[in-house]
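**Student:** After the sequence you'll find the predicted model.
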Amino acid sequence: MGNWKNKKGNIGRNKQRRFNRRTGKVENFNQRNRSQEKPSSKVNEETNEHLSPKEARQEARKNHAAKGFVPEVKPRTFRHCTCEGTELALKNQRLLDLLRKEPRGIDPVSGAANVLVISQRFRRIHARHMKHFVAFLREQNTRYR
């Protein structure tokens, strides 16, 4: 059945250990911390203003009586493309090849499926390159809408 008895701390099988940034220790994932429950309200007590839904979730996360490890969620940061020269041309060509494999839209005038459609999934995956890729498609006179 494995060496679960020899693990550090003998935490038992099917239990995980995580590094807790707040305490700086490796703790059991399902450890229960007995903390005082704080009343959660959707009104900011300092300025008596109503919070937006996003701020209310963040406040609720801070005030939640956590049972175990609560990971800190980093906000996503958008990094712009740093392609230049031939690298930019190759990237545009590669994205065009990928886009040609996606399902196409129908041209209402001719009735042919010759319009390349940039889906939300494609935009999300290649978001950092969309600025120069759309400019490339316009330059090539390629329909993409």
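**Tutor:** Perfect, thanks for sending it.
**Student:** quick one, phi/psi of residue 27?
**Tutor:** phi -130, psi 160 (degrees, to the nearest 10).
**Student:** and it, bridged to which residues?
**Tutor:** On the basis of DSSP bridges, residue 27 is bridged to residue 18.
**Student:** okay, now it: neighbour count?
**Tutor:** Using other CB atoms under 10 Å, residue 27 has 18 neighbouring residues. All C-beta spots, glycine's among them, are computed from the backbone N, C-alpha and C.
**Student:** pretty sure it contacts residue 21?
**Tutor:** No. With contacts counted by CB atoms under 8 Å, residue 27 stays clear of residue 21, the gap being 10.9 Å.
**Student:** neighbours of the nearest residue to residue 17 once chain neighbours are set aside, just the number please.
**Tutor:** Spatial nearest neighbour of residue 17, excluding adjacent residues (CB to CB, 6 or more residues apart in numbering): residue 26 at 5.2 Å. Per other CB under 10 Å, the neighbour tally for residue 26 reads 12.
**Student:** other SSEs contacting the lengthiest helix in the chain?
**Tutor:** Scanning the chain for the longest helix, with DSSP state H as the assignment, gives helix 86-101. In terms of contacts (3 or more CB pairs under 8 Å, 6 or more residues apart in numbering; DSSP states H and E), helix 86-101 is packed against helix 130-139.
**Student:** Pull out the buried residues from the helix it packs on.
**Tutor:** For helix 130-139, a neighbour-count test (16 or more other CB atoms under 10 Å) marks 132, 133, 136, 137 as buried.
**Student:** Leaving aside the residues adjacent along the chain, what's closest to the third one?
**Tutor:** In this structure, residue 136 finds its nearest non-sequential neighbour in residue 92, 4.2 Å apart by CB to CB, 6+ apart.
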